[in-house]
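> here are the coordinates; sequence isn't available:
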């Protein structure tokens, strides 16, 4: 298991405090900590999180968000998706640096998804995946988005 940064530890602590419906923040954080060798970075949030979180923090003492984002590599993405099978997620979307392919995993089925949503992901990231991969000196990045519905 690799040592993770204090910032990543704080992100995992936020996950623990934000459990709702089927999202069990303790389980997700524990699993990610136990398998930190599978991911480069993780974040718990939504693309609109910074502003909406002001109200959530004031009202509920925790941001209310529905998505865990994982930055990983082609070597590890399948293992992370397998790990997530225990998380009772609604759907997982997988974005690949080396390909324009986007996968949607829902109800135990894997199917191609609209490749245009990759543009939205890259806009929120602030980097194209190829550019981010170049900064990290790799060409095998994968971004996984794990989403829970507000049931």
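Looks like it arrived, so ask away. In this text, all values refer to a predicted model and were calculated from it rather than measured experimentally.
> rest of the way, CA atoms for contacts and neighbours
Will do.
> now do the phi/psi pair for the closest residue to residue 41 other than its chain neighbours.
Distances taken as C-alpha to C-alpha, 6 or more residues apart in numbering put residue 71 closest to residue 41, at 5.1 Å, once the chain neighbours are dropped. Backbone torsions of residue 71, given as degrees, to the nearest 10, read phi -100, psi 120.
> residue 56 now?
Dihedral angles (degrees, to the nearest 10) for residue 56: phi -60, psi -40.
> point out where this structure drops to low pLDDT.
Flagging of the chain using pLDDT under 70 yields the residue ranges 47-53, 63-64, 151.
> so how far is residue 9 from residue 2?
Separation of residue 2 from residue 9 (C-alpha to C-alpha, to the nearest Å): 12 Å.
> same drill for those two, tell me which one is more crowded.
residue 9 (15 against 11; other C-alpha atoms under 10 Å).
> the more buried one: which element?
Remark: residue 9 resides in helix 6-17, with elements defined by DSSP states H and E.
> same question, residue 42
Using DSSP H and E, residue 42 falls within strand 41-44.
> give me the sheet partners of that strand and which way each runs.
strand 67-73 (antiparallel) (DSSP bridges).
> and the partner strand with helix 6-17, angle?
Angle of strand 67-73 versus helix 6-17, following axes from the mean of the first three to the mean of the last three C-alpha atoms, to 10 degrees, is 140 degrees.
> for strand 67-73, what is the distance to the chain centroid?
3 Å (C-alpha atoms, centre = their mean, to the nearest Å).
> and the helix holding residue 9, what's buried?
Applying a neighbour-count criterion of 16 or more other C-alpha atoms under 10 Å, one finds 8, 11-16 buried in helix 6-17.
> show me what secondary structure element comes after that helix.
Following helix 6-17 toward the C-terminus (DSSP H and E): helix 25-34.
> that following helix packs against which elements?
Counting contacts by 3 or more C-alpha pairs under 8 Å, 6 or more residues apart in numbering; DSSP states H and E, helix 25-34 is packed against helix 6-17.
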